[in-house]
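Visitor: Let me see the structure of the following:
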Amino acid sequence: MMLNKIETILIVGLGSIGKRHASIINEFFPLVKVVALRHSGCKKTDLDMFGLYDCVTSIEEAIAYKPQAAIISNPASKHIEAAIKLAEVGVNLLIEKPISDSVKGVKELIKLCHQNNCILMVAYNLRFLPSLIEFKEQIKSNKIGNMLSIRSEVGQYLPSWRPELDYRDSVSANKDLGGGVLLELSHDIDYISWIFGPIKWVQSYISKQSSLEIDVEDFANILLGFDNNELTASLNMDFFRHDTTRKCFAIGEKGTLMWDGVNNEVKYFAKGERNWEIIFSSNIDKNYTYLKEIKSLFSAVEAQSSSSINGNDAMQVVVAIEAIKRSSEISTKIYL
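Guide: Model prediction:
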């Protein structure tokens with residue numbers, strides 16, 4: 001019987017995101033024991049720097065600590081294997097996005113978590129960003145009237161993501177680890193469906209455009225369709241633009257709303273006006289959304305309630321990604 005309180009939490013994978021989670025838990029939940037699972041082992045400096053209670057090298061050693069929750073932050077291609085072993089013993093889960101690099105095993109995991117009454121949450125933490133929440137609320141308020149078009153773009157030069165590391169060795173750059181713009185930037189597919197509704201069909205072109213030394217796609221141009229057959233969203237993703245960008249434009253008969261995820265702003269361009277009006281702006285710490293999602297996990301465990309970003313939502317993102325890949329291969333529209 002799992003406790004309805006997190007006393008020990010496991011972090012699977014100790015890359016940059018795993019270390020960030022460990023640091024946040026150590027700072028804001030100092031009474032919680034943080035155990036890391038890293039197959040190559042940890043340095044003593046890791047234990048000290050990130051406040052780790054222990055570091056183990058096998059899932060069996062990790063389970064022996066009887067963690068009430070685990071954060072899965074190893075490469076996407078390895079998420080399901082670790083998650084299923086933990087769900088089998090009733091461990092509540094927060095899985096880094098995407099839930100997996102394919103739909104294989106995802107339904108099994110969702111079913112297993114349901115059977116064993118364990119939380120399954122996926123880390124689409126942009127949903128906790130105040131500016132994106134405001135953007136969604138403004139759209140719900142009918143500020144722009146009848147919506148005509150949605151346009152989204154996201155891109156950043158891959159070598160600048162983590163300049164202290166060789167980008168060629170990163171998850172983002174390697175197919176076997178779950179890299180490529182579609183999986184690595186899947187936040188944008190998630191928030192589009194979260195705000196505008198379930199995606200019903202896709203049509204796309206994906207490719208390797210740049211000279212980056214990677215074996216995955218670095219560009220995607222996608223058209224997404226919804227229940228409203230007349231409304232579509234265009235989504236452009238890349239790994240090569242130097243002006244880091246994450247924006248979404250909702251264009252309506254009364255004007256245009258624009259979300260700027262880099263600057264955490266929402267702007268409005270009203271019909272008949274000449275300039276953008278900033279209607280929302282926030283200055284938040286870089287760890288804000290990570291802390292919010294961890295707090296959300298802790299609250300869900302204590303209340304034994306479902307998470308705000310569940311396995312079904314995350315599976316639909318992967319279903320859409322697989323359809324996007326197929327659409328590009330055969331150059332036609334694919335219905336989900």
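Visitor: Pull the number of nearby residues for Ala82.
Guide: Residues lying near Ala82 (other CB atoms under 10 Å) number 21. C-beta here means a position set from N, CA and C on the backbone, and glycine is covered the same way.
Visitor: Am I right that it is in contact with Pro75?
Guide: No - the criterion here is CB atoms under 8 Å, and Ala82 misses it with Pro75 at 10.4 Å.
Visitor: can you pull out the helices in this protein?
Guide: With helices called from DSSP state H, the chain shows them at 16-28, 44-49, 59-64, 79-87, 106-115, 130-140, 181-184, 187-196, 288-303, 311-330.
Visitor: Deepest-packed of these, please.
Guide: Mean neighbours per residue, mean count of other CB atoms under 10 Å, is largest over the helices of the chain for helix 181-184, with a mean of 24.
Visitor: can you give me the offset of that helix from its chain's centre?
Guide: Offset of helix 181-184 from its chain centre (CA atoms, centre = their mean, to the nearest Å): 10 Å.
Visitor: ok, now stretch 55-73?
Guide: 22 Å.
Visitor: what does stretch 279-297 give?
Guide: Taking CA atoms, centre = their mean, one finds stretch 279-297 lying 14 Å from the centre of the chain it belongs to.
Visitor: same thing with stretch 327-336?
Guide: Mean-position distance between stretch 327-336 and its chain equals 24 Å (CA atoms, centre = their mean).
Visitor: Quick one: end-to-end length of it, please.
Guide: One end of stretch 327-336 to the other measures 11 Å (CA to CA, to the nearest Å).
Visitor: Need the helices of the chain in JSON lines (columns: distance to Asn228 and mean pLDDT).
Guide: Below are these laid out as JSON lines (distance: least, CB to CB, whole Å; pLDDT from 0 to 100):
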{"stretch": "helix 16-28", "distance to Asn228": "36", "mean pLDDT": "96"}
{"stretch": "helix 44-49", "distance to Asn228": "50", "mean pLDDT": "87"}
{"stretch": "helix 59-64", "distance to Asn228": "45", "mean pLDDT": "97"}
{"stretch": "helix 79-87", "distance to Asn228": "33", "mean pLDDT": "98"}
{"stretch": "helix 106-115", "distance to Asn228": "27", "mean pLDDT": "97"}
{"stretch": "helix 130-140", "distance to Asn228": "13", "mean pLDDT": "98"}
{"stretch": "helix 181-184", "distance to Asn228": "24", "mean pLDDT": "98"}
{"stretch": "helix 187-196", "distance to Asn228": "9", "mean pLDDT": "98"}
{"stretch": "helix 288-303", "distance to Asn228": "29", "mean pLDDT": "95"}
{"stretch": "helix 311-330", "distance to Asn228": "17", "mean pLDDT": "98"}
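Visitor: Of all the ones you listed, which one is nearest Glu213?
Guide: Distance to Glu213, taken as CB to CB, is lowest for helix 181-184 among these, at 15.5 Å.
Visitor: Could you tell me which other helices and strands the closest one packs against?
Guide: For helix 181-184, the elements it packs on are strand 219-225, strand 232-238, helix 311-330, judged by 3 or more CB pairs under 8 Å, 6 or more residues apart in numbering; DSSP states H and E.
Visitor: what about 10 Å?
Guide: helix 187-196, strand 201-207, strand 219-225, strand 232-238, helix 311-330 (3 or more CB pairs under 10 Å, 6 or more residues apart in numbering; DSSP states H and E).
Visitor: Would you format the ones you listed as a markdown table with distance to Cys55 included?
Guide: Shown next, in a markdown table, are these (distance: least, CB to CB, whole Å):
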| stretch | distance to Cys55 |
| --- | --- |
| helix 187-196 | 29 |
| strand 201-207 | 38 |
| strand 219-225 | 37 |
| strand 232-238 | 35 |
| helix 311-330 | 28 |
